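A.B. asks: Provide a 3D model corresponding to the input given below.
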Amino acid sequence: MEAYEHALTIPGWDFMARTHSSTYVHKRNLVDFCETLHRKNQLCGLLVTGDRPFLWGGGSYIMSRDVIEQFVANKDRWNMAIMEDNGMTDLANEIGIPLNGKGRMASIDQHGTEYLVTTYGVGEGFTFTDWDDVNKLQPHHYIRCKQDLRRHEDLMIFRQLHKHLR
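C.D. replies: Residues are numbered from 1 along each chain as shown. Predicted coordinates:
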């Protein structure tokens, strides 16, 4: 919440991209995607449906400035005792912010000498051994690189993405 409050002191921005340290951000794809969004009332991510739909935190978010303003104005109503994605979704539903489930994310997992790409939102998953193949990730803007139990490999994957994404 303090980060949201601080962000509001900075002029000149329309959207906040909130992601995780284990997520590579393809900036050009993120900017291109944001250009397709309305500038108001945007809380965008990957929508998990079911009994209680919510925006999945692992998929990261894009929020318009007015949404951040509404979260800050209603911070006392945000349930901080539950996972952030559930608390954010609950507050959004309570104060009338619509959930935009059109987020775009992929994850990369190493399996031996191959890498498995799982896509969320759009696109088909694939495997690769040649890092130039990561360009098939268009139009994803978030790429999760979290190697559970092998976190030392995350940095190598980040560096390869930075080197090969065009």
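A.B. asks: in the chain, which spans are helices?
C.D. replies: Assigned by DSSP state H, the chain shows helices spanning 2-7, 27-34, 65-73, 84-95, 152-164.
A.B. asks: In JSON lines, list the ones you listed along with distance to Asn41 and mean pLDDT.
C.D. replies: Heads up, the C-betas are built off the backbone N, CA and C, glycines and all. As requested, those are exported to JSON lines (distance: least, CB to CB, whole Å; pLDDT from 0 to 100):
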{"stretch": "helix 2-7", "distance to Asn41": "16", "mean pLDDT": "96"}
{"stretch": "helix 27-34", "distance to Asn41": "14", "mean pLDDT": "95"}
{"stretch": "helix 65-73", "distance to Asn41": "6", "mean pLDDT": "98"}
{"stretch": "helix 84-95", "distance to Asn41": "10", "mean pLDDT": "94"}
{"stretch": "helix 152-164", "distance to Asn41": "32", "mean pLDDT": "90"}
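A.B. asks: Would you tell me which of those helices gets closest to Gly123?
C.D. replies: Nearest of the helices of the chain to Gly123, taken as CB to CB: helix 27-34 at 11.6 Å.
A.B. asks: I figured Gln160 hits Trp131, correct?
C.D. replies: Yes. Gln160 sits in contact with Trp131 when judged by CB atoms under 8 Å, with a separation of 4.9 Å.
A.B. asks: which ones are touching the closest residue to His20 other than its chain neighbours?
C.D. replies: Closest residue in space to His20, ignoring its immediate chain neighbours: Ser60 at 6.4 Å, by CB to CB, 6 or more residues apart in numbering. Residues near Ser60 by CB atoms under 8 Å, 6 or more residues apart in numbering: Ala17, Arg18, Thr19, His20, Thr23, Gly45, Gly103, Met105, Tyr142.
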